[in-house]
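>>> one predicted model, sequence on top.
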Amino acid sequence: MDLPDLMIIVATTRTGGVGPAIADWFNDKALTHGRFTPRTVNLAELALPFMDEPNHPRLGRYTHQHTRDWSDQVAASDAFVFVMPEYNHGFNAPLKNAIDFLHQEWARKPVGFVSYGGVAGGTRAVQMIKPVVSCLQMVPVTDAVAVPFVQNCLDEHGRMKPSEIHDGAATTLLDGLARWTAALRQP
Ligand SMILES: Cc1cc2nc3c(=O)[nH]c(=O)nc-3n(C[C@H](O)[C@H](O)[C@H](O)COP(=O)(O)O)c2cc1C
C-alpha cells in the first residue's frame, strides 16, 4: 500500500539541541504506527539562509537552488510534524524562516506538533504558530505531544525516555494526522 509521506521537521538549529532526540523517538513511533512513511528533516542540516527570494513565494518563481530543493521536499510530503522548542514563549525563528520560504507546497496538508520546554512543555509556542500555518491553508491537528521539563525526559545518552503519557499522546496525534491526511487527499 502507498503510505502517505510524513515529514518530521526538527526545528532547533542549536548546537546540542535536544530536538533530534525527540524527533528520533517520534520517527520510531510513526514507523510503528504504520500509517505513514516518515522522514526526518533537520533544519540545522538543511541550513537555509534567511529568506532571500526576491518574489513572493505564492508565485513559485524561485531563484535559488536551496529554495527549489526545499520546495521539492515539502511538495512531495503529505503531512508534517513540527518537533519544536519554546523560546521566549514563542516558536523559534528558524522554523518560521523555513515556513516562509514556500507557499503552495504547504497548502491543504495537515500538521501536528511535538513541543517541548519547561513547565509549559512548549504549548505557548504551539498556540503561537497555529495562525501562521492556518494562513498557509495548513490544517493544525489539535491532539499534540507536549514534553514539559524536557531535560528530565532524556537518558544518560541523551535519548528520549518517554513516559506512557508521551507514548499515548504520540499515538493520538498520529491517529488524528492520519484521519486529516486521508480527508485532505480526496480529489
Ligand atoms: C533562547 C531560549 C529561550 C528559551 N525560552 C524558553 C521558554 O520561553 N519557555 C520554556 O519552556 N523554555 C525555554 N527555553 C528552554 C528550552 O525549552 C530548552 O533549552 C530546550 O532544550 C530548547 O530546545 P533545543 O535544545 O532543542 O534547542 C529557552 C531556551 C533558549 C535557548
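All right, it came through fine.

>>> could you use CA atoms for every contact and neighbour count after this?
Will do.

>>> okay, which residue is most central for this structure?
Residue closest to the average C-alpha location in the chain (C-alpha atoms, centre = their mean): Phe82, at 1.6 Å.

>>> per-residue confidence for it?
Looking at Phe82, its pLDDT reads 99.

>>> helix or strand for it, just tell me which one.
Element membership of Phe82 [criterion: DSSP states H and E] is strand 79-85.

>>> how about residues contacting that strand?
If you take C-alpha atoms under 8 Å, 6 or more residues apart in numbering as the criterion, strand 79-85 is touched by 4-12, 19, 22-23, 91-92, 109-117, 122, 125, 177, 181.

>>> near the ligand at all, it?
Yes: contact of strand 79-85 with the ligand (C-alpha under 6 Å from any ligand atom) involves Pro85.

>>> quick check: angle from the top helix by length along the chain to strand 79-85?
If you go by DSSP state H, the chain has its longest helix at helix 164-184. With axes from the mean of the first three to the mean of the last three C-alpha atoms, to 10 degrees as the basis, helix 164-184 and strand 79-85 are set at 150 degrees to each other.

>>> what's helix 164-184 packed up against?
Here helix 164-184 touches helix 19-33, strand 110-116, strand 145-147, going by 3 or more C-alpha pairs under 8 Å, 6 or more residues apart in numbering; DSSP states H and E.

>>> so where is this structure shaky, pLDDT-wise?
1, 187 (pLDDT under 70).

>>> what residues does it put near the ligand?
12, 14, 17-19, 85-89, 117-122.

>>> rerun that using 8 Å as the cut-off
For the chain, the contact set with the ligand under C-alpha under 8 Å from any ligand atom comprises 11-20, 84-90, 116-122, 148-151.

>>> what's the PyMOL line that selects buried ones from those residues?
With 16 or more other C-alpha atoms under 10 Å as the burial test, the buried ones among those are selected in PyMOL as follows:
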select buried, resi 11+12+13+18+19+20+84+85+86+89+90+116+117+120+121+122+148+150
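
>>> residue contacts, Glu105?
Glu105 touches 71, 74-75, counting by C-alpha under 8 Å, 6+ apart.

>>> and those residues, which is closest to His103?
Ser71 (8.9 Å; C-alpha to C-alpha).
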